[in-house]
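Visitor: Mind looking at a prediction? Sequence and model below.
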Amino acid sequence: MKSVTLIIPCFNEADVLTLLFKEIVKMTAPLREKYTFKLLFVNDGSSDATLDIIKSFAQRSEMVKYISFSRNFGKEAAMLAGMRYADTDYVGIIDADLQHSPDLIPEMLHAVDEEGYDVAAACRTDREGESRLKSFLSGTFYKVINRISEITINDNAQDFRIMKRKVVDAIVSMPESIRFSKGIFTWVGFRIKWFPHENRERAAGETKWSVKKLAKYAIDGILGFTSSPLRLPLYFGILSCLAAVVLGIYGFVRVCMPTAEFPMYALLLGAILFMSGIILCCLGILGEYLARVYTESKRRPSFVISETNIKNIKE
Ligand code: UDP
Ligand code: MG
């Protein structure tokens, strides 16, 4: 029998948990001949009855496990805790609010268990129900991050997914503390099967994302997966120096003309541009070193092995 953990991050989800639990139990029932299930609820510092409800599930059913945080640490932390302590062959993540349809789980399990995929992940088909402004901003965000970072993120990818043990191990082995899962999921690689999935309406309760949280998320994503902004001063510095050279040449030509005239402003402007160019270049060079220190300090693994036939290497 293979084992499956479903991680459910919960932050003030008291209103939906009972419904979710029912749906998951119903969905897993026919699969229980083949798989043993664990439902790992991660209570992310909820201030409502979330934890009590989870505890009551745990009393009723052996498959319910839970981890409860001392305060709200955010969904990223909740997912990480779940992945770190899940000890099963397959590990899935699903939102508590029933926007992710548990009905997809049997197909996802089939993909990783029988079709040779390492990850089965949901990706949304349309952005209906989202404001134009939000779609535009998030579209721009992914264009920027994909252009300047080393990875290409599928901007429709959702956290709703089932992964093989080795994928989860790779994700957990990334030691950074400012975590941007969409980037991390992409960074580790592996064979992935996408499942088109439309978010359902939230069954109850309300979204935990505010504009501020989204902005922080976007900044974390960009800064976590590229250090190219640190290179900007170098580019500006070089441009500025080039402009200074052009002005210098202009001044020189004017001096050499028969109606010799010395354009003082060109000289001054050239000097200012040149000096600021040099300063910007120096900042850029500092930035290059800082970028390396930053990259090294994340201590990410240099590679992730998917398969091998050497015995003492753990996949
Ligand atoms: N969540 C969490 N900690 C947080 C915010 C959200 O564990 O600080 C959980 C939340 O309980 C839900 C999932 O993350 O299960 C997705 O959150 P939400 O539905 O608010 O986000 P949305 O679907 O609106 O993007
Ligand atoms: Mg939601």
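Guide: It's in. Ligands and ions are numbered 1, 2, ... in the order given.
Visitor: Now do the same contact list for the residue nearest to Asp48 when sequence neighbours are not counted.
Guide: Sequence neighbours aside, Ala14 is the residue nearest to Asp48 in space, at 4.3 Å (criterion: CB to CB, 6 or more residues apart in numbering). The C-beta positions use only the backbone N, C-alpha and C, and glycine is treated the same way. Applying CB atoms under 8 Å, 6 or more residues apart in numbering to Ala14 gives the contacts Ser46, Asp48, Ala49, Thr50, Ile53, Gly205.
Visitor: Next: Lys164.
Guide: Contacts for Lys164 were tallied using CB under 8 Å, 6+ apart; they are Asp89, Tyr90, Val112, Asp118, Val119, Phe190.
Visitor: residue contacts, the fifth one?
Guide: In this case it means Val119. Val112, Arg161, Ile162, Met163, Lys164, Val167, Phe185, Phe190, Arg191, Ile192, Lys193.
Visitor: repeat that for 7 Å
Guide: Val119 makes contacts with Val112, Arg161, Met163, Val167, Phe190, Ile192, as judged by CB atoms under 7 Å, 6 or more residues apart in numbering.
Visitor: Just checking the helix or strand harbouring the third one against ligand 2, any contact.
Guide: With the criterion set as DSSP states H and E, the secondary-structure element containing Met163 is strand 157-164. No - in this structure, strand 157-164 remains apart from ligand 2 according to CB under 5 Å from the ion; the gap is never smaller than 9.9 Å.
Visitor: start the count at 48, not 1, going forward
Guide: Yes, from this point I'll number from 48; that puts the last item at strand 204-211.
Visitor: counting contacts, what elements does whichever helix or strand comes after that strand pack onto?
Guide: Next helix or strand after strand 204-211 toward the C-terminus (DSSP H and E): helix 212-219. If contacts are counted by 3 or more CB pairs under 7 Å, 6 or more residues apart in numbering; DSSP states H and E, helix 212-219 sits against helix 122-132, helix 228-235.
Visitor: okay, now Ile114: neighbour count?
Guide: Neighbourhood size, Ile114 [other CB atoms under 10 Å]: 16.
Visitor: buried stuff in stretch 250-257?
Guide: Judged by neighbour count (16 or more other CB atoms under 10 Å), stretch 250-257 contains these buried residues: Ala250, Gly252.
Visitor: I should have written stretch 71-81 there, sorry.
Guide: So, applying 16+ other CB under 10 Å, buried residues of stretch 71-81: Ile71, Val72, Met74, Thr75.
Visitor: Would you format the residues you listed as JSON lines with pLDDT, secondary structure and distance to ligand 1 included?
Guide: Shown next, in JSON lines, are these (pLDDT from 0 to 100; DSSP: H, G, I helix; E, B strand; the rest coil; distance: CB to the nearest ligand atom, whole Å):
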{"residue": "Ile71", "pLDDT": "92", "secondary structure": "helix", "distance to ligand 1": "13"}
{"residue": "Val72", "pLDDT": "91", "secondary structure": "helix", "distance to ligand 1": "18"}
{"residue": "Met74", "pLDDT": "91", "secondary structure": "helix", "distance to ligand 1": "17"}
{"residue": "Thr75", "pLDDT": "90", "secondary structure": "helix", "distance to ligand 1": "18"}
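Visitor: Show me which pair in those residues is furthest apart.
Guide: Among those, the pair separated by the greatest distance (CB to CB) is Val72 and Met74, at 7.4 Å.
Visitor: Indicate whether the helix or strand harbouring Cys170 makes contact with ligand 2.
Guide: Secondary structure from DSSP H and E places Cys170 in strand 166-171. No - figure legend: strand 166-171 not in contact with ligand 2 (CB under 5 Å from the ion); closest approach 12.0 Å.
Visitor: hey, which helix is longest across this structure?
Guide: helix 311-344 (DSSP state H).
Visitor: Could you list the buried residues of it?
Guide: Here helix 311-344 shows 313, 316-317, 320-321, 323-324, 327-328, 330-331, 334, 338 as buried, counting by 16+ other CB under 10 Å.
Visitor: from those residues, which is closest to Phe104?
Guide: Nearest member of those to Phe104, counting by CB to CB, is Ala338, at 46.6 Å.
Visitor: ok, back up a step: which two among the contacts of Val166 are spaced furthest apart?
Guide: The widest separation within the contacts of Val166 (CB to CB) is 11.1 Å, between Arg208 and Phe237.
Visitor: Show me which of those two is the more surrounded one.
Guide: Looking at Arg208 and Phe237 with other CB under 10 Å, you find the greater number of neighbours at Arg208, namely 25 against 17.
Visitor: Enumerate every residue touching the residue nearest to the more buried one when sequence neighbours are not counted.
Guide: In this structure, Arg208 finds its nearest non-sequential neighbour in Ala168, 3.8 Å apart by CB to CB, 6+ apart. By CB under 7 Å, 6+ apart, the contact list for Ala168 reads Ala204, Gln205, Arg208, Ile239, Trp241, Phe242.
Visitor: Which residue, other than its chain neighbours, is closest to the second one?
Guide: The reference is to Gln205. Ala169 is the one closest to Gln205 (CB to CB, 6+ apart), at 4.5 Å.
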